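Trainee: Build the 3D model from these lines:
(one chain, ligands or ions: 1)
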Amino acid sequence: MSRKIQAPRGTSDVLPEAADARASLEATARRVLEGSGYRRIETPVFEATELFARGVGASTDIVQKEMYTFDDGGGRSVTLRPEGTAPICRAYVEHGMHKLPQPVKLWYLSSFFRQEKPQAGRFRQFWQIGAETIGSDDPAVDAEIIALLATLLAEIDVGGLRLRIGSLGTLEARHAYRERLQAHLHARADELSEDVRSRIGLNPLRAFDSDHPGTQAVMRDAPLLLDHLDAADAEHFATVRELLDRAQIDYEVDPTLVRGLDYYTRTVFEFTSDALGAQSGVAGGGRYDGLVEMLGGPPSPGCGFAAGIERMLLASGGMPVAPPPVDLYVGFESAAQRATAFAVVDEARRARLNAQVELAGRSRKGQLKHADRLGARYVAIVGDDMTILKDMQAGEQRDVAAGEVVARVLRDRGMR
Ligand code: HAM
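Mentor: Residues are numbered from 1 along each chain as shown. Modelled structure (predicted):
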């Protein structure tokens, strides 16, 4: 026997039970988002590497060490998408969506790829449901995005939720703040972890995420961006909060909330669930007012969220879903009637019945047992002269011609 081949580390198969739970999650997302005017978008699985280098930010962990990048065979560097916001902004620019009535509201359900260390709830291929609203800087957009995400998570029954929000201000305010923070970190560099110290120049904000005790002590005294917002940013944040308050959405303001992507401006947010372990982030997002412009488009402020499907399912207990009921199971007495059985099941399917046919050469007894296991409502056993049609619920059976099976079932079920 040949050696078994396993799925690559950090990937997982979506087995049928899990696929059903995902389908139901997708239906919920479609109802919530399309009901609010969001339209589905799908972008390619791989993109020019430069899109992420520029859009997500060269100093981020994602771009520095987590991307699956390869040559497309023609000397161009391409990357499996690690996230959806930059590709959607690329599509917005490429298809001239700024000419449509603004804002443009899009949603997606797609797979993403990050070369992270695999652990519970953290995969190298994972799925997200996301929404992006592009073309308006109205704080109502930020509040709507957060509110829709809260509704979605509630409908999916994700337990133990906590919402944290913050504001990063404009890119300029962030740059000025960055220098202030760098000065603070340089002044106490000997107390910091090696990792944080080596990245003061590149990404000082990530020091807030550190679990190193010395770094944490330094960060307790660090200046906070929220205290240095300019008047317009502070007002924007206050309006977002007011709208969330009016909608009775619970949140905590977290002045240290930093997200692992560089495009954010103003509002950022994250939902965590205590039903998850170390990887407690279920969903997150924020505003990205400069991203479309950075990708060559006209100034088009945007805001969005993405929620991890694997994590939502983990935190909601998996949303068990019953498989569709089997209306008719078609078996046969012997191989001589297989073709007739096949014709009957085909006719049943064209009549929109959920129908299955015997595919494993079971005995008649085995066929009935299997049909019962499937919960089939009717079983037809095609014989040489006659077909036995059995109503499994009523326990009644009668002989009919094979060509009449479907009509009988439809009539019995009042579908005709
Ligand atoms: P993100 O926080 O990087 O944001 O990812 C969003 C969600 O995707 C996380 O909260 C988590 O549930 C899930 N996720 C991320 N990485 C993994 C992984 N390795 N394994 C399993 N699940 C994972 C973004 O991706 C932004 N594009 C969100 C956004 C949209 N911002 C604005 N618009």
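Trainee: Nearest spatial neighbour of Q367, chain-adjacent residues omitted?
Mentor: Of all residues not flanking Q367 in the chain, G331 sits nearest, at 3.5 Å (Cβ to Cβ, 6 or more residues apart in numbering). C-beta coordinates here come from the backbone N, C-alpha and C atoms, glycine included.
Trainee: Who are the contact partners of the one you found?
Mentor: 341, 357-358, 362, 364, 367-368, 371, 379-382 (Cβ atoms under 8 Å, 6 or more residues apart in numbering).
Trainee: got a winner among those for most neighbours?
Mentor: The residue in the contacts of G331 with the most neighbours, by other Cβ atoms under 10 Å, is A380 (30 neighbours).
Trainee: Any figure for the gap between that one and T340?
Mentor: 10 Å (Cβ to Cβ, to the nearest Å).
Trainee: Pull up the overlap in contacts between those two.
Mentor: With Cβ under 8 Å, 6+ apart, A380 and T340 have common neighbours A402.
Trainee: among the contacts of G331, which are in reach of the ligand?
Mentor: Contacts with the ligand are made by none of these, judged by Cβ under 6 Å from any ligand atom.
Trainee: what about T272, which SS state?
Mentor: strand (DSSP: H, G, I helix; E, B strand; the rest coil).
Trainee: so who does it touch?
Mentor: Counted by Cβ under 8 Å, 6+ apart, T272 has contacts 161-162, 164, 280-282.
Trainee: Identify the spatial nearest neighbour of it, chain neighbours not counted.
Mentor: Looking at T272 with Cβ to Cβ, 6+ apart, the closest residue is S280, at 4.2 Å.
Trainee: burial of the residue lying closest to D230 once chain neighbours are set aside, as a residue count?
Mentor: In this structure, D230 finds its nearest non-sequential neighbour in A173, 5.5 Å apart by Cβ to Cβ, 6+ apart. Using other Cβ under 10 Å, the number of residues around A173 comes to 20.
Trainee: who are the neighbours in contact with A173?
Mentor: Here A173 is in contact with 225, 228-230, 233 (Cβ under 8 Å, 6+ apart).
Trainee: ok, it to T43 distance?
Mentor: Distance from A173 to T43, by Cβ to Cβ: 31 Å.
Trainee: Helix or strand: which one has the most centrally placed residue in the chain?
Mentor: Closest residue to the average C-alpha location of the chain: Q128 at 1.8 Å, with Cα atoms, centre = their mean. Here Q128, judged by DSSP states H and E, is contained in strand 125-134.
Trainee: And that strand, how far out from the chain middle?
Mentor: Centroid separation between strand 125-134 and its chain, computed with Cα atoms, centre = their mean, to the nearest Å, is 6 Å.
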